[in-house]
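Trainee: Generate coordinates for the sequence data below:
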Amino acid sequence: MRTIPSSELIINDDGSIFHLHLRPEQIADIVILVGDPARVAMIADYFDTKECEVSNREFHTVTGSYKGRRMTVLSTGIGIGNIDICVTELDALANIDFATRCVRDQLRQLTLVRLGTSGAIQQDINVGDIIFARTSLGFDGLLSYYDGRDSVCDLALERAFSEHTAWYGKLPAPYFVNADKELWELFKDSVTEGMTIAAPGFYAPQGRWVRLRPHDMELNAKIESFSFEGRRITNFEMEGSALAGLAALMGHRAATICTIIAQRVAKDACTDYKPYVRRMIEMALDKLSTL
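Mentor: Take a look at the predicted model:
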């Protein structure tokens, strides 16, 4: 059995994991992921009880219970790299024996649900709509660093998308990963089904032009016109693909749900979006409490 070296899995002197500063007993089986640390407090305010609160850098965690169901809410900050940290360290907390530095014989499955904000790229999707990423599309390339990448990806969808967009060869290869089927069944009556892009940046990777011109000025138009077996790409965000891919490789259940706060086709954005986010949070908590 492999013993994981201290350089590969760093454990702090207090027995907590390196970045998240959490100990194994401090995470619930249900983990809600948000980008903004302030949104942790917004969600935790709904909890009936709170058993612990931990902060380090952008990672703010509260574990408690909602309607009798133990849950953890954790802020990841922005971007794919932070998802790589959070999902890997959550899995280690669940499935590595910190005393022996070995993988446990019995693996624990986590339910990881990201609640985020997003921009729509189809005209009929409106600000305030809630999109469930039934499939996540990664522009980031992170999953290709992990063995087994192809086993959790839709390779036919990858080929069709790359051909349709004439994908630029110097960019990371796009990848498509499906959300957990049970989570889709749980949420489908309260959301709009989506195919969601996770971009490795907010500006050019999402087709925005401020001062630096995007390499392919027509990429968003190509994305909007793409269709595969009657399905289309619906929205942009920045984390869901790594969450879906890493969770699938590790055997966890994962999904990304986003409130639309910008309409990219209409070139409109809403900065007072908290009421929409609160509605998504209340719906998600009620659903997750039934698991």
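
Trainee: make it CA atoms for all contacts and neighbour counts henceforth
Mentor: Noted.

Trainee: Could you list the residues in contact with the lowest-mean-pLDDT helix or strand in the chain?
Mentor: Lowest on mean pLDDT, DSSP states H and E among the helices and strands of the chain sits strand 268-269, with a mean of 76. Residues outside strand 268-269 that contact it (CA atoms under 8 Å, 6 or more residues apart in numbering) are 127, 261-263.

Trainee: and those residues, which are buried?
Mentor: The neighbour count (16 or more other CA atoms under 10 Å) marks 127, 261-263 as buried among the contacts of strand 268-269.

Trainee: Inside helices: which ones of the residues you listed?
Mentor: Judged by DSSP state H, helices contain none of the buried ones among the contacts of strand 268-269.

Trainee: Those in strands, which ones?
Mentor: 261-263 (DSSP state E).

Trainee: Now do the spatially most central residue of the chain against I80, distance only.
Mentor: When CA atoms, centre = their mean is applied to the chain, the residue found nearest the centroid is G240 (3.3 Å). Distance from G240 to I80, counting by CA to CA, to the nearest Å: 8 Å.

Trainee: for L285, same thing?
Mentor: 24 Å.

Trainee: Same check on V73?
Mentor: Distance of V73 to I80, given as CA to CA: 18 Å.

Trainee: for G116, same thing?
Mentor: For G116, the distance to I80 - CA to CA - is 13 Å.

Trainee: same question, Q122
Mentor: Counting by CA to CA, the separation of Q122 from I80 is 24 Å.

Trainee: more neighbours, the two?
Mentor: Using other CA atoms under 10 Å, the more surrounded residue of Q122 and I80 is I80, with 25 against 18.

Trainee: Please list all residues in contact with the closest residue to the more buried one other than its chain neighbours.
Mentor: The shortest distance from I80 to any non-neighbouring residue, by CA to CA, 6 or more residues apart in numbering, is to E239 (5.0 Å). Applying CA under 8 Å, 6+ apart to E239 gives the contacts 78-80, 83, 198-199.

Trainee: Look up the pLDDT of E239 for me, please.
Mentor: Note on E239: pLDDT of 97.

Trainee: if I look at it, how far off is D140?
Mentor: For E239, the distance to D140 - CA to CA - is 9 Å.

Trainee: residues shared between the contacts of the two?
Mentor: Shared contacts of E239 and D140 (CA under 8 Å, 6+ apart): 80, 198-199.

Trainee: right, and the pair among the contacts of E239 with maximum separation?
Mentor: I83 and A199 (12.7 Å; CA to CA).

Trainee: What segments of the chain are helices?
Mentor: Along the chain, the stretches classed as helices by DSSP H are 37-44, 80-95, 155-165, 181-187, 219-225, 240-250, 274-288.

Trainee: Now the second one - C-alpha only, CSV.
Mentor: Going back to what we said before, that points to helix 80-95. What follows is helix 80-95, C-alpha atoms only, in CSV (Å, rounded to 0.1, in the frame of the first residue of the first chain):
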residue,chain,number,x,y,z
ILE,A,80,-10.1,26.1,-11.8
GLY,A,81,-6.8,26.0,-9.9
ASN,A,82,-8.7,26.5,-6.6
ILE,A,83,-11.1,23.8,-7.5
ASP,A,84,-8.2,21.4,-8.0
ILE,A,85,-7.1,22.3,-4.4
CYS,A,86,-10.5,22.1,-2.8
VAL,A,87,-11.7,18.9,-4.4
THR,A,88,-8.4,17.1,-3.8
GLU,A,89,-8.2,18.2,-0.2
LEU,A,90,-11.8,17.4,0.5
ASP,A,91,-11.3,13.9,-0.9
ALA,A,92,-8.1,13.5,1.3
LEU,A,93,-10.1,14.6,4.4
ALA,A,94,-12.7,11.9,3.5
ASN,A,95,-10.5,9.1,2.3
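
Trainee: which strands and helices sit next to it?
Mentor: helix 240-250 (3 or more CA pairs under 8 Å, 6 or more residues apart in numbering; DSSP states H and E).
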